[in-house]
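1. Fold the following, please.
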Amino acid sequence: MILVLNAGSSSIKVAVFDRNLSSVIRGAVTRIGSDGEMKLGDTCRQITALDHADALAQMFAALADAGYPLSSFTAAAHRIVHGGAILTKPARVTPQVIAAIESVVPLAPLHNPNNLVGITALLAAAPALPQYCSIGTAFHATNPAIAVRYAIPQAEHDAGIRRYGFHGISYASLVASFGDALPARLLALHLGNGASLCAIHHGKSIATSMGYSPLSGLTMGTRAGDIDGAAVLHIARELGVAETDEMLNNESGLKALAGDSDMQNLLARDDPEAQFAIAHFCYWAARHAGSAIVAMGGVDAVAFTGGIGENAAPIRDAIMGHLAFLGEIPVHVVPTTEEKQIARDALALIAAGQ
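-> Just a heads-up that it's a prediction; the model follows:
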């Protein structure tokens with residue numbers, strides 16, 4: 001069995017898969033750092049987890065009580081949000097890989113350190129257990145230089161200021177779900193609280209809407225999406241850098257336009273603010289879709305995934321309405337299965353003898 005750990009900024013998801021990629025049990029710890037909750041299988045209880053290490057220790061104990069001690073796993077696999085320009089494919093965890101993840105912490109300061117906690121916790125608890133990692137930015141490593149380079153001085157580019165793209169594990173999972181029926185030119189939209197899209201040409205990412213950070217691109221739940229750099233500089237002079245960062249990432253997007261970042265709530269409202277926020281979300285998704293279609297030289301199919309992409313038919317319909325001029329295009333709704341993709345990556349590496 002494969003144990004998958006997916007650590008976020010204030011939560012940890014776990015999933016266990018067998019070698020056929022069938023789900024065995026799932027769980028999560030939420031609200032780490034305060035009064036939180038642990039779910040595992042059909043059980044749910046309140047816990048207090050001081051930090052990610054504490055949350056993992058409690059989850060490992062709960063797994064053992066449920067009949068899944070660490071000794072029962074053949075491998076563990078992790079989600080790493082950012083691999084920079086160094087980690088561009090799934091890998092077995094080694095000291096060199098850990099050093100590489102640490103080296104790009106400045107690019108993902110809220111996520112990579114928490115991702116590393118899972119690795120170090122397992123190294124301490126089960127040092128002989130092979131560990132693997134899937135990289136959230138790696139799927140976009142196939143983007144050509146013209147797609148990732150900002151038109152800035154070479155020194156800044158060399159310092160790491162470039163487009164990376166995110167949601168890569170979700171897009172890799174989406175590609176795998178199509179199997180041999182994968183369209184040659186697939187426009188994929190991962191729509192959730194964080195939202196992005198990707199131009200997938202013959203199974204490879206050639207353009208994506210997110211850039212140096214997950215802030216750019218589409219209108220999102222609490223993120224602004226694309227905004228002129230001069231406007232950001234102006235706001236930073238007025239509010240300060242930290243306050244501007246907080247505003248653009250956590251107080252913007254749908255929340256700024258309509259006072260709520262939850263698309264389900266907005267769809268249930270009929271006031272002008274909610275209607276405008278929904279229209280803004282769909283308009284800018286379609287605007288960026290046009291850019292991705294240009295990158296592919298056309299489009300053969302569209303696929304929606306993510307919480308909004310999977311569950312909000314009015315949003316899908318509105319976005320496709322903007323693209324109606326392209327004619328009839330097959331539309332697919334694909335469940336997000338990131339943990340399954342992480343397990344799939346690990347099993348592929350194991351099969352290759354790594």
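2. buried ones in the lowest-mean-pLDDT helix or strand in the chain?
-> Taking mean pLDDT, DSSP states H and E as the measure, the chain has helix 112-125 as its least confident helix or strand, at a mean of 89. Neighbour-count burial for helix 112-125 flags 112, 114, 115, 116, 117, 118, 119, 121, 122 (criterion: 16 or more other Cβ atoms under 10 Å). (Each C-beta comes from the backbone N, C-alpha and C, glycine too.)
3. Packing partners of that helix?
-> strand 2-7, helix 52-65, strand 75-80, helix 95-103, strand 131-135 (3 or more Cβ pairs under 8 Å, 6 or more residues apart in numbering; DSSP states H and E).
4. Just want the angle from that helix to helix 52-65.
-> 50 degrees (axes from the mean of the first three to the mean of the last three Cα atoms, to 10 degrees).
5. Enumerate the positions of stretch 39-53 that are buried.
-> 39, 40, 47, 49, 52, 53.
6. Tell me where the stretch 201-350 of the chain has strands.
-> For the stretch 201-350 of the chain, strands defined by DSSP state E, counting those that start in this stretch occupy the ranges 204-208, 301-305, 331-333.
7. who's in contact with the longest helix seen in the chain?
-> Scanning the chain for the longest helix, with DSSP state H as the assignment, gives helix 272-296. If you take Cβ atoms under 8 Å, 6 or more residues apart in numbering as the criterion, helix 272-296 is touched by 147, 185, 187, 189, 191, 195, 197-201, 206-209, 217-219, 225-226, 254, 257-260, 263, 266-267, 269, 299, 302, 314-315, 318-319, 321-323, 326.
8. just the buried members of those residues?
-> Buried among the contacts of helix 272-296 (16+ other Cβ under 10 Å): 147, 185, 187, 189, 191, 195, 197-201, 206-209, 217-219, 225, 254, 257-258, 260, 263, 266-267, 299, 302, 315, 318-319, 322-323.
9. mind checking how far the residue nearest to residue 311 when sequence neighbours are not counted is from residue 167?
-> For residue 311, ignoring the flanking residues on the chain, the nearest one in space by Cβ to Cβ, 6 or more residues apart in numbering is residue 264 at 7.6 Å. Taking Cβ to Cβ, to the nearest Å as the measure, residue 264 falls 20 Å from residue 167.
10. Looking at the two, which one has more neighbours?
-> A direct count of neighbours by other Cβ atoms under 10 Å for residue 264 and residue 167 places residue 167 higher, at 31 against 11.
11. Quick check, the more buried one in contact with residue 205.
-> No: assessed by Cβ atoms under 8 Å, residue 167 is found out of contact with residue 205, at 10.1 Å.
12. Pull up the overlap in contacts between the two.
-> Both residue 167 and residue 205 are contacted by residue 198, under the criterion Cβ under 8 Å, 6+ apart.
13. Sounds good, over and out.
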